[in-house]
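> attaching a predicted model along with its sequence, questions to come.
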Amino acid sequence: MKEYKIFTVNPGSTSTKIGLFEGDKCVFSVNVAHDAEILKQCASISDQFPYRKETINAFLIENNIDLSEVDAFVGRGGSILAVEGGVYLINQILFDHARDAANGVQHPAQLGPQIAKEYADKYGKPAFVVNPPDTDELCDLARMTGIKGVYRSVHMHALNLKETAIRHAHSMGKKYEECNFIVCHIGGGISISAHLKGRMCDGNDIVGGEGPLAPTRCGSIPVAEFLRYAKDIEPGELKKLCTRTGGFVNHLGTSDAKEVERRAMEGDKEAERVWNAMIYQINKCIGSMAAVLHGEVDGILLGGGMVRSKDLVEKITEACGWIAPVYAYPGEFELEAMASGAIRVLRGEEEAKIYQGVACWNGFDE
């Protein structure tokens, strides 16, 4: 079987992680750093594209990396309209929507399709995105709220959530589509999702502030209390509380989970309360996803950087192990997930989907 070569691009806030794969083997991966001051001068995320591309090209030239034999290029997706999970060919519509932030969310991930397609066009190869953050497979009941015309959508760490589930199912000798999992990504943001036979049917909207409090996110809070709190605060600052200045940052002045855990273990009462409250809220969300799956759960899978914490894993296992076995996958599989998705398409194991530029859900028919 041919070992396809895949080049992956995963832009972050001040760096772009790139990787070269030959089949399942990672030949190299590295974070290419960008000058934060230059990035700040850009009016929008997409305006960073020429500079980021130039920096990546300089790294490739300096390290004698030739991309002419790469079979496919994969960019971390972002800022497109809601789609079902899967591997999507980066066509012109997807490229334009990522560039223009069609869903209104400005995020470095939107540069992924732009950079990947640039290389793909240069070398005459296909370019893909795999399970972008805009993946939305919610069941109808999960979309409902108590206000007519206000419906839930989700933005989660879909790439890592689905890859973790796919890998764990494989370890069980099963396909992802044969299993039910509760999958968590516990990092700067926290995604907790229910996976029902290959569909991510429920979960929290981390962009909207839902779910547990997290290092930089406020988590779910009572609306009436929030309105009281919000009356004297600028709308822009309130939005930041959802994804940038809430959680650990708001309570403790830092987003460093290791520091918060250390302070908690050393007797800092506020740090201990915040640390344990986060874990408590994670456990509540896991329990709610178990109810969504009617208790038929093949495993609770924990991924993300904070899963390196022994205390966190032990407390989640103690609280939720009665639901299903708990498995820790510290860190993330983002580059691996991107490469694996492209390889499945190239091998004919999965068909690439075509992005049509229309959200996969646009309201109920009635």
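Right, received. Where do you want to start?
> can we go C-alpha only for contacts and neighbour counts from here?
OK.
> flag every buried residue along the strand or helix carrying residue 120.
Using DSSP states H and E, the element containing residue 120 is helix 111-123. For helix 111-123, the neighbour count (16 or more other CA atoms under 10 Å) marks 111-120, 123 as buried.
> can you list these in JSON lines and add pLDDT and distance to residue 8?
JSON lines is the format used below for those (pLDDT from 0 to 100; distance: CA to CA, whole Å):
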{"residue": "111", "pLDDT": "98", "distance to residue 8": "12"}
{"residue": "112", "pLDDT": "98", "distance to residue 8": "9"}
{"residue": "113", "pLDDT": "98", "distance to residue 8": "10"}
{"residue": "114", "pLDDT": "98", "distance to residue 8": "12"}
{"residue": "115", "pLDDT": "98", "distance to residue 8": "10"}
{"residue": "116", "pLDDT": "98", "distance to residue 8": "8"}
{"residue": "117", "pLDDT": "98", "distance to residue 8": "11"}
{"residue": "118", "pLDDT": "97", "distance to residue 8": "12"}
{"residue": "119", "pLDDT": "98", "distance to residue 8": "11"}
{"residue": "120", "pLDDT": "98", "distance to residue 8": "11"}
{"residue": "123", "pLDDT": "98", "distance to residue 8": "15"}
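> could you dump the residues you listed to CSV with distance to residue 59?
Shown next, in CSV, are the buried residues of helix 111-123 (distance: CA to CA, whole Å):
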residue, distance to residue 59
111, 18
112, 17
113, 19
114, 18
115, 14
116, 16
117, 18
118, 16
119, 14
120, 18
123, 18
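> need the strands for this structure, in chain order.
For the chain, the strands defined by DSSP state E cover 5-11, 15-22, 25-33, 72-75, 87-89, 127-130, 180-186, 190-196, 199-203, 299-304, 326-330, 353-354.
> out of these, deepest packed?
Of the strands of the chain, the one with the most neighbours on average (mean count of other CA atoms under 10 Å) is strand 72-75, at a mean of 30.
> that strand: partners in the sheet, and parallel or antiparallel?
In the sheet containing strand 72-75, the strands it pairs with under DSSP bridges are strand 5-11 (parallel), strand 127-130 (parallel).
> find me the pLDDT at the residue lying closest to residue 78 once chain neighbours are set aside, would you?
Leaving aside its chain neighbours, residue 78 sits nearest to residue 110 (4.3 Å; criterion: CA to CA, 6 or more residues apart in numbering). Note on residue 110: pLDDT of 97.
> count the residues that sit near residue 110.
31 (other CA atoms under 10 Å).
> which residues touch it?
Neighbouring residues of residue 110 by CA atoms under 8 Å, 6 or more residues apart in numbering: 45-46, 76-80, 98-99, 101.
> how much space separates it from residue 12?
10 Å (CA to CA, to the nearest Å).
> how about the helices in this structure?
For the chain, the helices defined by DSSP state H cover 36-40, 49-62, 92-100, 111-123, 140-143, 158-171, 223-230, 235-243, 248-252, 257-265, 269-292, 310-320, 334-346.
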